[in-house]
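Novice: Build me a model:
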Amino acid sequence: MPTLNIKNLPLSLARRLRIRARRAHRSVTQEVIHLLERATEEPEPLSILALRGLGKEHWHGVDPARHVEAERDEWS
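Specialist: As a prediction, this is how the structure comes out:
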């Protein structure tokens, strides 16, 4: 397994890493690996289908045709 050495690590950053590692019950090495994995993982592709129903409570009782017509009237 490859090894990564970090030189000139600022003391304040090393302290914050130790605190994070302690809170997560990990070693500093495990915490750094965890952070690097999170920082470099590919995001899940988004799908328009995931938005289905989002915000529907704001449109309850609104007639879509009237709303669009009113919006278009404001453009003039």
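
Novice: And the residue nearest the centre of this protein?
Specialist: residue 43 (8.9 Å; Cα atoms, centre = their mean).

Novice: Could you pull up phi and psi at that residue?
Specialist: phi -70, psi 150 (degrees, to the nearest 10).

Novice: Run through the residues that contact it.
Specialist: Residues in contact with residue 43 (Cβ atoms under 8 Å, 6 or more residues apart in numbering): none are found. Quick note: C-beta positions are derived from backbone N, CA and C, even for glycine.

Novice: swap in residue 56?
Specialist: No contacts exist for residue 56 under Cβ under 8 Å, 6+ apart.

Novice: For it, give its distance to residue 11.
Specialist: 51 Å (Cβ to Cβ, to the nearest Å).

Novice: ok, now residue 20?
Specialist: 15 Å.

Novice: who's more crowded, those two?
Specialist: residue 20 (15 against 7; other Cβ atoms under 10 Å).

Novice: And the helices in this structure, which stretches?
Specialist: 11-23, 28-40, 64-75 (DSSP state H).

Novice: and the shortest one, how far from the chain's centre?
Specialist: To tie it back to what came earlier, the one meant is helix 64-75. How far helix 64-75 lies from its chain's middle: 35 Å, per Cα atoms, centre = their mean, to the nearest Å.

Novice: just stretch 29-39 next, same as before
Specialist: For stretch 29-39, the distance to the chain centre is 16 Å (Cα atoms, centre = their mean).

Novice: Which positions in that stretch come out as buried?
Specialist: 31, 32 (16 or more other Cβ atoms under 10 Å).

Novice: Please apply the same query to stretch 15-30.
Specialist: Quick answer for stretch 15-30 (16+ other Cβ under 10 Å): 17, 21.

Novice: What mean pLDDT does that stretch get?
Specialist: Confidence over stretch 15-30 (mean pLDDT, whole number) is 97.

Novice: Take that stretch and give me the span from its first residue to its final residue.
Specialist: Start and end residues of stretch 15-30 are separated by 15 Å (Cα to Cα, to the nearest Å).
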